[in-house]
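take this sequence and fold it.
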Amino acid sequence: MRRFIVTSIILLFGVFMPAVGVYAEGEDSETSEETTEDTTYEGYVGELDIYTGEPVGSEANVASASNIVTIDSNVTYDLTNQMFNYASQNGVFSCSAADGMYVTGTVNMAVSGEYNIALYKDGTKMDSIPTSVSDPGSYVAVVWDDNSENQICSFTIVTNDTGAITQYIMPDGFNVTRVIKDGQEIRTGRGSVDMTEEGYYEISYQCYLTQIDYYLTVNVDHTPPNVKFVGIDDKDHARGPVTLEGVQDDDTVYVSFNEGTPKVTTDYELTESGDYLVMIIDKAGNVQQQELTIFTYLNIKAVAFLLIVLALIIGIGVALYISRKKLRVR
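I've put the predicted structure just below:
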């Protein structure tokens, strides 16, 4: 009976008394709660695991001492240098742009380690790895050894007016947070933005592992130039000069003559006989291309030259006739 009474008292005590935590000497419960919930790490402010004292959730990837965020097994982000680090077997390629990112500004790069690495721009290998690039184009970083070749990072620099993007698929670890098109917010998925429609896009997206926000603001233009080639027939043939009409101030015209190297020109009249390949590129990068052939013809200069030659021949003939006639008279 006495044992039953003691047990009952213990149970009642446990039910009605508040929970009691274990604290260090001289520390009250209020101080402990602040330590576990509000402790600030470099690059991270949030809840801590009550057993380990480490950040919980996706933010646990933030290392307080090194300021490094793990993106995946081979990629980290340095919060101090604001660079993504792509590790290979013998070195690291660092880049301010994430793999698959579109940007309109300068991209910074760095290389550490001893290994084979190259940077390609629009499919052409660059002489070296520069510390930064800003020219529009598609860039790919490649590493290789005796057995394999691997792409470790790619990014694209576009102009503010661009036709290069039809869909922006978010890089790994990124989510779309907001999209405004022509001043109106539009609904879109978290993983991509459809940009097939022309317009002014303001895209906000975030790396959910670093909690850093990124922005892309571009005017999307997919319409190619509409230059008229005056003087060619429906078979792209001409028997005289061909004139380009409708070239805009921001357009760039390249002309290849008889399969030669394309050259920029500001002379929009083609006069020489031969085969041409003409490309007009607008400020958004859209291209209009035209092949044509100008057959041999007599232009005004040629006709004038022939008339002069003919006049000289006639003049010489007349002079000879007169001189002979004078000789006979004598």
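
from now on I want contacts and neighbour counts done on CA atoms only, so please keep to that.
Will do.

can you give me the helices in the stretch 201-330 of the chain?
Remark: helices assigned in the stretch 201-330 of the chain by DSSP state H, counting those that start in this stretch are 300-329.

mind listing the strands for it?
212-220, 228-230, 237-238, 242-245, 252-257, 263-264, 269-270, 274-281, 287-294 (DSSP state E, counting those that start in this stretch).

mind listing what's buried in the second one?
Of the residues in strand 228-230, residue 229 count as buried by neighbour count, 16 or more other C-alpha atoms under 10 Å.

so what strands line up beside that strand?
strand 242-245 (antiparallel) (DSSP bridges).

related to what we said a few turns ago, reformat the strands of the stretch 201-330 of the chain as CSV; add distance to residue 180.
CSV is the format used below for these (distance: least, C-alpha to C-alpha, whole Å):
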stretch, distance to residue 180
strand 212-220, 9
strand 228-230, 36
strand 237-238, 47
strand 242-245, 36
strand 252-257, 31
strand 263-264, 37
strand 269-270, 43
strand 274-281, 28
strand 287-294, 27
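
among those strands, which comes closest to residue 187?
Proximity to residue 187 (C-alpha to C-alpha) singles out strand 212-220 among those, at 16.5 Å.

then that closest one to CSV, C-alphas only?
The C-alpha coordinates for strand 212-220 follow below in CSV (Å, rounded to 0.1, in the frame of the first residue of the first chain):
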residue,chain,number,x,y,z
ILE,A,212,21.5,35.1,-52.2
ASP,A,213,19.2,36.9,-54.7
TYR,A,214,20.0,37.3,-58.4
TYR,A,215,18.4,39.4,-61.1
LEU,A,216,18.2,39.3,-64.9
THR,A,217,16.6,42.2,-66.7
VAL,A,218,16.5,42.0,-70.5
ASN,A,219,14.4,43.1,-73.5
VAL,A,220,13.6,40.0,-75.5
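
can you tell me the strand partners of that strand and which way each runs?
Sheet pairing of strand 212-220 (DSSP bridges) gives strand 161-162 (parallel), strand 199-207 (antiparallel).

unless I'm mixing things up, residue 126 is touching residue 117, no?
No: judged on C-alpha atoms under 8 Å, residue 126 makes no contact with residue 117 at a distance of 10.8 Å.

who has more neighbours, those two?
Looking at residue 126 and residue 117 with other C-alpha atoms under 10 Å, you find the greater number of neighbours at residue 117, namely 21 against 13.

what helix or strand is the more buried one on?
Residue 117 belongs to strand 116-121 when assigned by DSSP states H and E.

packing partners of that strand?
Counting contacts by 3 or more C-alpha pairs under 8 Å, 6 or more residues apart in numbering; DSSP states H and E, strand 116-121 packs against strand 137-144.

now do the contacts for the nearest residue to residue 182 once chain neighbours are set aside.
Of all residues not flanking residue 182 in the chain, residue 200 sits nearest, at 5.0 Å (C-alpha to C-alpha, 6 or more residues apart in numbering). Each residue near residue 200 by C-alpha atoms under 8 Å, 6 or more residues apart in numbering is listed here: 181-183, 217-220.

distance of residue 200 relative to residue 159?
Using C-alpha to C-alpha, to the nearest Å, one obtains 13 Å as the distance from residue 200 to residue 159.

distance check, the closest residue to residue 174 other than its chain neighbours against residue 129.
Leaving aside its chain neighbours, residue 174 sits nearest to residue 207 (4.3 Å; criterion: C-alpha to C-alpha, 6+ apart). Distance of residue 207 to residue 129, computed by C-alpha to C-alpha: 26 Å.

what do you get for residue 321?
79 Å.

which of the two has more neighbours?
Taking neighbours as other C-alpha under 10 Å, residue 321 and residue 129 compare with residue 129 leading, 17 against 11.

thought the more buried one was touching residue 119?
Yes: Residue 129 sits in contact with residue 119 when judged by C-alpha under 8 Å, with a separation of 6.1 Å.

picking up where we left off before, neighbours of the residue nearest to residue 174, just the number please.
18.

that one: what's it in contact with?
So residue 207 contacts 173-175, 213-214 (C-alpha under 8 Å, 6+ apart).

of the residues you listed, closest to residue 104?
residue 214 (11.7 Å).

without its sequence neighbours, what residue ends up closest to the closest one?
Of all residues not flanking residue 214 in the chain, residue 205 sits nearest, at 5.3 Å (C-alpha to C-alpha, 6+ apart).

what bridges to that neighbour?
residue 176, residue 214.

that one: neighbour count?
As a measure of burial, residue 205 has 21 neighbours, counting by other C-alpha under 10 Å.

and the pLDDT at it?
Among the per-residue scores, residue 205 shows a pLDDT of 98.

now do the contacts for it.
Contacts for residue 205 (C-alpha under 8 Å, 6+ apart) come out as 174-178, 213-215.

packing partners for the strand or helix carrying residue 178?
Per DSSP H and E: residue 178 is located in strand 174-181. Judged by 3+ C-alpha pairs under 8 Å, 6+ apart, strand 174-181 is in contact with strand 199-207.

could you check the angle strand 174-181 makes with the strand it packs on?
Angle of strand 199-207 versus strand 174-181, following axes from the mean of the first three to the mean of the last three C-alpha atoms, to 10 degrees, is 160 degrees.
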